[in-house]
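1. Show me how the following folds:
(4 chains)
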Number of protein chains: 4
Amino acid sequence: MIIVIKSEASNQEIENILTQVQRTGLEFSVLKNSEKTIILTQPNYDINVDLFKSLPKVEYVVTLNEDYKLVYKNINALETVIDLGDVKIGGNELIVIAGPCSVESEEQLEKVSLAVMKLGVKILRAGAFKFRTSPYSFQGLGKHALDMLEELKLKTGLKIITEILDYHDLKYFEKVVDIIQIGARNMHNVNLLKAVGEINKPVLLKRSFAATLREFLFSAEYILMGGNKNVILCERGIRTFSDYTRNTLDLSIIPAIKQRSHLPIIVDPSHATGKRDYIIPMSLAAIASGADGLIIEVHHQPELAYSDADQAIRLEQFEELMKQAKKVAEAVGRKLTF
Amino acid sequence: MIIVIKSEASNQEIENILTQVQRTGLEFSVLKNSEKTIILTQPNYDINVDLFKSLPKVEYVVTLNEDYKLVYKNINALETVIDLGDVKIGGNELIVIAGPCSVESEEQLEKVSLAVMKLGVKILRAGAFKFRTSPYSFQGLGKHALDMLEELKLKTGLKIITEILDYHDLKYFEKVVDIIQIGARNMHNVNLLKAVGEINKPVLLKRSFAATLREFLFSAEYILMGGNKNVILCERGIRTFSDYTRNTLDLSIIPAIKQRSHLPIIVDPSHATGKRDYIIPMSLAAIASGADGLIIEVHHQPELAYSDADQAIRLEQFEELMKQAKKVAEAVGRKLTF
Amino acid sequence: MIIVIKSEASNQEIENILTQVQRTGLEFSVLKNSEKTIILTQPNYDINVDLFKSLPKVEYVVTLNEDYKLVYKNINALETVIDLGDVKIGGNELIVIAGPCSVESEEQLEKVSLAVMKLGVKILRAGAFKFRTSPYSFQGLGKHALDMLEELKLKTGLKIITEILDYHDLKYFEKVVDIIQIGARNMHNVNLLKAVGEINKPVLLKRSFAATLREFLFSAEYILMGGNKNVILCERGIRTFSDYTRNTLDLSIIPAIKQRSHLPIIVDPSHATGKRDYIIPMSLAAIASGADGLIIEVHHQPELAYSDADQAIRLEQFEELMKQAKKVAEAVGRKLTF
Amino acid sequence: MIIVIKSEASNQEIENILTQVQRTGLEFSVLKNSEKTIILTQPNYDINVDLFKSLPKVEYVVTLNEDYKLVYKNINALETVIDLGDVKIGGNELIVIAGPCSVESEEQLEKVSLAVMKLGVKILRAGAFKFRTSPYSFQGLGKHALDMLEELKLKTGLKIITEILDYHDLKYFEKVVDIIQIGARNMHNVNLLKAVGEINKPVLLKRSFAATLREFLFSAEYILMGGNKNVILCERGIRTFSDYTRNTLDLSIIPAIKQRSHLPIIVDPSHATGKRDYIIPMSLAAIASGADGLIIEVHHQPELAYSDADQAIRLEQFEELMKQAKKVAEAVGRKLTF
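-> Next up is the predicted model:
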């Protein structure tokens, strides 16, 4: 931390600031000339910077180190690769996760699953517990949907990702699910983050639509602190004034995360745009920007979907997407196997 | 709901749309001229509007009714007034809730509490369980802080408001707390909303910094649906590009809520601005805009606060605020008693 | 300027940075310990900070002074008061400017003007040259409207404020207009700012709906640099995700500007909210927050207005506004004379 | 236009609305059942929708047609291709425009130009008149820079694009420049748009950082209305809460524009991100999303650039970009020739 003290500070005021610095127990040195006093402390993650900012006559405080540490990429560290057996997330291979927004019925689930499986998909997404803005909207089939997903898994060998809303449901999720999803609206749910930090299942952490990059990485840090290293980040659009898409897909976060963190990051163009027609171009753009994969809503009859009907793509569009995605992946030196 | 069907729709396509309408079980009528077909249905809260929007040849769908119902102000309904015995929230009287960001120690708690009490405050705010972006920041004293608040309450008669993060802590809160606070980051935490909906304690629901007006009212609706009618709304700033305040205080929401809902709404200028110097003018502005009260962070030594040190006002500033607030309240026909 | 140099910088690299510092011609001193090198320069407004930020091994650059100078409030400087003869803007008195969005006809202009005059208004707003998003919308009556305003002025003694779009029209404006308005969309129009900086007429500068505080003050600085000290700032809402008002009125900018600048600032709740029903509460809030006045759209038949019909208030609402505004003004120690 | 009238409207009130509809001169029909009255009019671009929205008892107004007409893609219309002789913009070929932010000196201009030319660039970007937020920043070499660009053009055959700030400079631009750039801050400058609409030069219109899709297309419409069909759109990032990039690059606008308009659209990742390290991934993403080209800031010594030093890429990075861009272009069926 560097503290710049205003030139008009009295000796007593400088003393007061130094007292606070001493309380932190950190080593420090004082730089001084006729105009300014500057205090430099040893780097540390736990300093309450706000406290120092508010001390009288403090002009500026800057910390010298990144303040999220486990998510941060150290110079020699390896990129995290999530190992799900025959599927890996991170590394050179691209992953495409697909499936319906919600589990609606056994018939619907089977139809979509078998269709996307045939097109190379190894991880199925399908909502059991749904977050809905309105209490009057369809809230998902819950535990019953988990049972259907378990059966499907046994029958097909598909890996399953589905969203958790309440950490008290973890016992059901651990049994059935291969990747636990934390939705955008739960990115700040500290107790849920801590709970999934204590198990070993991979976690897909979606960026809140109002989260800064720093807040996003801090939420991941909560999980890593618990011991669970298997975190996959996911960009799904931020809330802006722009009104022709549901959210604004912020693809620049892909290189920004790659620069800072060893964690893999994938993109959800379905929730980002909310518009079926933009899914293919935005998926290709995501791959070209360096994303480690995609998560896509697919439905065999989108117009009849119980939720998010506008954004699910049809099976034939998904087939087209996979074909084009393979080419762009190769153009940027990545592999999309199916 | 009104469904406008494109002129090029075939009879078969119109038939398909009608089939979906019939499935809803609602009464409807069809308006038609040479150019257009329009279907009007009976008003209903449960229609999946998205489904209709995505049907082929549907040009436009508009619902004819507000889709949050319990929070909505019906023409003859009374404004909700929260009755806490000798204190009421809503109605003609203005409420000022004040206290430190966090309970830090018995000494600090007592010092601030007695001081604000002397200035007329009857409801004390003080954080026990703190949400923090960084896992390395002070997270509150938790259950221990609740105990200190209980003791303070016995000693002083102050009413207590504090934030809940996890609905499994409700048992502790019910015993001690007079108003349960749902923080901005939990506005979308459906299980927490449902849990506080099933008890009888008043709930202060803060607007998420990324919530639209509609989402805010829907979160309140989740609580009201459970049977708990004692909800107080709170505006605390939204996230925008503007960078000289922590958030942008969106005061227009006061008349907008008053127009739509019978629930009281108060303003938190401390979290909205994040700047001590703007608390007084923004508090006065809140009162002038029609808010039912204020919730203010006060600290006897803000520069030593464990959290949010920049935004807590000093005791002497709080005294000044109360004096000016009383005058503006009277100017707009409200009463601030102390 | 403070430049913090990374610890791994070689002597050669530090030398290079020093060379760049020397080129600025500023005095400087170098602070150094085993870990860090810090260069402090004499304050200066013209430094290309970006250059220093991009030099190799520079970790951080901070300037020590506000970089807009003429708009800035120096400790002993007086607040700017715009003197229009019998009307003053700034100082203890509050100003209410009112009138129709556009000049539509002599009849309409006269009706609204006489009515607001009777209610105490001394400065009339009325658009002659209109900015419109769509080229197919009503673009104002232009020069012809200026002529009508001139006649009105002679007849009634009202002061006139109207918006300029093109600095080549200045000659017409100088003759007729008492305050020249620069609209939000022209806040960045440097040539227009420079042109009005070279004359002596008071200028009302509206904040762009996407301008930061710093950009807003810099636009005022362009005018002041030309020699014209008579600048009035105006907040009229910023563009955010929030969708129940046209823009989000950012009232916190009032105390923020008062803290930094000697210029008066008024509020335009009509364009900020775009909703007739919110004009009164937001006007009162503006006064309570410390604004120096209001600019309000009033129309005798808003539903027939050629532009912005949703936001103009009726004459009886304006009368009510004036009554309430007077009371709130007194509550905060200001005077509203009429 | 469809006007939905509230059920409680009296016959007199419905009559009043019909009178306003009749004034438009449009054909219309009235649909009515026991609950509702709906008026349908013939499609028209010039209706003042706001007027109808504000009439008493009007519940909803919807227009049936896109209200920008020349920029709109009619079903059979061809995509616009800008023909610059041996270079075309739009169509199957991708264009890469490159060069320094500003013309700084003959030496700098020549160095960068020859270098990018060698890498296949045929259109050079270089600022002569610079918009700067601060009046104390470098404002460009102006007319003198245009002279240098003219000489360069003669010597090298490079096409030139540079930004115009004031339409009174058009005479200089017409002589030298191949594409006239309207910067983001001038997207709403109606007089400038009209002026370039009346000449035949191709115009690059940048999206304002606060413009909706509709406002962006309307600004293009102003140019097309004057007769100039040679408009190229450019996405350069929007202003959001996100703070790790200068702006948020909104790539979804590429498929959104392609769906609506026949105009070509290119992407400026330099201004969008403001970060050198993100230029390559964002350029590739832009191509994958369907953009017709790129405009890139390149400098031979970015750390010494007079403006935007953080975002200009080095020559060797530009070479790498061109190599990778070629591959991604081919993957999406486009050609990048150099």
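2. so who does residue A:16 touch?
-> A:55-56 (CB atoms under 8 Å, 6 or more residues apart in numbering or on different chains). Heads up, the C-betas are built off the backbone N, CA and C, glycines and all.
3. Okay, helices next: where are they in the stretch 101-250 of chain A?
-> A:106-118, A:143-156, A:170-176, A:190-197, A:213-225 (DSSP state H, counting those that start in this stretch).
4. Check whether the longest one comes into contact with chain B.
-> No: counting by CB under 8 Å from any CB of the partner chain, no contacts exist between helix A:143-156 and chain B, the nearest distance being 14.1 Å.
5. Now that helix - C-alpha only, CSV.
-> The C-alpha coordinates for helix A:143-156 follow below in CSV (Å, rounded to 0.1, in the frame of the first residue of the first chain):
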residue,chain,number,x,y,z
LYS,A,143,-36.2,-32.5,-7.1
HIS,A,144,-38.4,-34.4,-9.7
ALA,A,145,-36.3,-33.0,-12.5
LEU,A,146,-33.1,-34.1,-10.8
ASP,A,147,-34.5,-37.7,-10.7
MET,A,148,-35.2,-37.5,-14.4
LEU,A,149,-31.7,-36.2,-15.1
GLU,A,150,-30.2,-39.1,-13.0
GLU,A,151,-32.1,-41.6,-15.1
LEU,A,152,-31.0,-39.9,-18.3
LYS,A,153,-27.4,-40.0,-17.2
LEU,A,154,-27.5,-43.7,-16.6
LYS,A,155,-29.1,-44.4,-19.9
THR,A,156,-27.0,-42.1,-22.0
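6. tell me the pLDDT at the closest residue to residue A:222 other than its chain neighbours?
-> Nearest non-adjacent residue to residue A:222, counting by CB to CB, 6 or more residues apart in numbering or on different chains: residue A:193, 3.9 Å away. On pLDDT, residue A:193 comes in at 95.
7. Isn't residue A:193 up against residue A:182?
-> Yes: under the criterion of CB atoms under 8 Å, residue A:193 makes contact with residue A:182 at 7.0 Å.
8. out of the two, which sits in the busier spot?
-> Ranked by neighbour count (other CB atoms under 10 Å in any protein chain shown), residue A:193 and residue A:182 place residue A:193 first, with 27 against 24.
9. how close does that one get to chain C?
-> For residue A:193, the distance to chain C (CB to the nearest CB, to the nearest Å) stands at 25 Å.
10. what's the answer for residue A:277, then?
-> Counting by CB to the nearest CB, the gap from residue A:277 to chain C is 23 Å.
11. so who does that residue touch?
-> Residue A:277 neighbours (CB under 8 Å, 6+ apart): D:255, D:259.
12. What distance do you get for it to residue A:312?
-> 12 Å (CB to CB, to the nearest Å).
13. what about the closest residue to residue A:184 other than its chain neighbours, distance to chain D?
-> The shortest distance from residue A:184 to any non-neighbouring residue, by CB to CB, 6+ apart, is to residue A:206 (4.5 Å). Distance of residue A:206 to chain D, computed by CB to the nearest CB: 16 Å.
14. cool, residue A:59 as well?
-> 21 Å.
15. How about residue A:130?
-> Using CB to the nearest CB, residue A:130 is found at 24 Å from chain D.
16. Leaving out chain neighbours, which residue sits closest to that residue?
-> Nearest one to residue A:130, counting by CB to CB, 6+ apart, is residue A:140 at 3.5 Å.
17. now do residue A:209
-> residue A:239 (4.5 Å).
18. Please name the residues that touch the one you found.
-> Contacts of residue A:239 by CB under 8 Å, 6+ apart are A:209-210, A:247-248, B:210, C:241.
19. cutoff 7 Å now
-> Applying CB atoms under 7 Å, 6 or more residues apart in numbering or on different chains to residue A:239 gives the contacts A:209-210, A:247, B:210, C:241.
20. same thing with residue A:9?
-> For residue A:9, counting by CB under 7 Å, 6+ apart, the contacting residues are A:37, A:57.
21. if we can go back for a sec, shouldn't the residue nearest to residue A:130 be in contact with residue A:132?
-> No: between residue A:140 and residue A:132 there is no contact under CB atoms under 7 Å: 8.3 Å.
22. Neighbour count: those two, which is higher?
-> residue A:140 (24 against 14).
23. What distance do you get for that one to chain C?
-> The value you get for residue A:140 to chain C, if CB to the nearest CB is used, is 26 Å.
24. And the pLDDT for that residue?
-> Looking at residue A:140, the pLDDT reads 79.
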